[in-house]
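Engineer: dropping the sequence and predicted coords here.
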Amino acid sequence: MHSLVRRYIKTAFAFLVLGLAIGTRILIRREIFLRPPSLYEVSAHTHAILVGFVMMMILGVALLLRSAVVIGGLAQFAGIALFFFAMWPRIRSAGSHSREAKAEKF
């Protein structure tokens, strides 16, 4: 395993431990001391797990499979293009010309 990949994965595990520690603190305070978590605690927990752990794990593993990264990126592009292709007819201005002529506000 490449040393850069090992660093990403080790960093991901560090973020996981941090996120679990914050989550445990939130759980104990909420269930035992009946104190709801602050928005900052929830944000820190979410960022440590999602941004820290998940992103570091994805980036660390994605370095090994360049072709999978390209295929995944192209699939995302195709999915977004398909979404816009499917949604474009639905956002037409059906009836808005007649409402604008009557000076309706919408």
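Structural biologist: Looks like it came in fine. Numbering: from 1, shown residues only.
Engineer: what are the ranges of the helices in this protein?
Structural biologist: Under the criterion DSSP state H, the chain contains helices at 3-31, 39-46, 55-62, 66-87, 96-101.
Engineer: columns mean neighbour count and mean pLDDT on top of those helices, output as CSV?
Structural biologist: Using the backbone N, CA and C atoms, a C-beta is placed for each residue, glycine as well. CSV is the format used below for these (neighbours: other C-beta atoms under 10 Å; pLDDT from 0 to 100):
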stretch, mean neighbour count, mean pLDDT
helix 3-31, 15, 94
helix 39-46, 14, 95
helix 55-62, 16, 83
helix 66-87, 10, 88
helix 96-101, 10, 69
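Engineer: centroid residue for this structure?
Structural biologist: In the chain, the residue lying closest to the centroid (C-alpha atoms, centre = their mean) is residue 50, at 7.2 Å.
Engineer: residues touching that one, list them.
Structural biologist: Shown in contact with residue 50 (C-beta atoms under 8 Å, 6 or more residues apart in numbering): no residues.
Engineer: residue 44 now?
Structural biologist: Taking C-beta under 8 Å, 6+ apart as the test, what residue 44 contacts is residue 22.
Engineer: before we move on, what about residue 84?
Structural biologist: For residue 84, the contact set (C-beta under 8 Å, 6+ apart) is empty.
Engineer: equivalent analysis for residue 53, please.
Structural biologist: 12-13, 15-16, 19.
Engineer: at 7 Å what do you get?
Structural biologist: Residue 53 sits next to 12, 15-16, 19 when contact means C-beta atoms under 7 Å, 6 or more residues apart in numbering.
Engineer: and it, how far is that from residue 77?
Structural biologist: Distance, residue 53 to residue 77, by C-beta to C-beta, to the nearest Å: 26 Å.
Engineer: cool, and residue 101?
Structural biologist: Using C-beta to C-beta, one obtains 40 Å as the distance from residue 101 to residue 77.
Engineer: what of residue 43?
Structural biologist: Relative to residue 77, and taking C-beta to C-beta, residue 43 is found at 31 Å.
Engineer: and if you look at residue 66?
Structural biologist: For residue 66 relative to residue 77 (C-beta to C-beta), the value is 17 Å.
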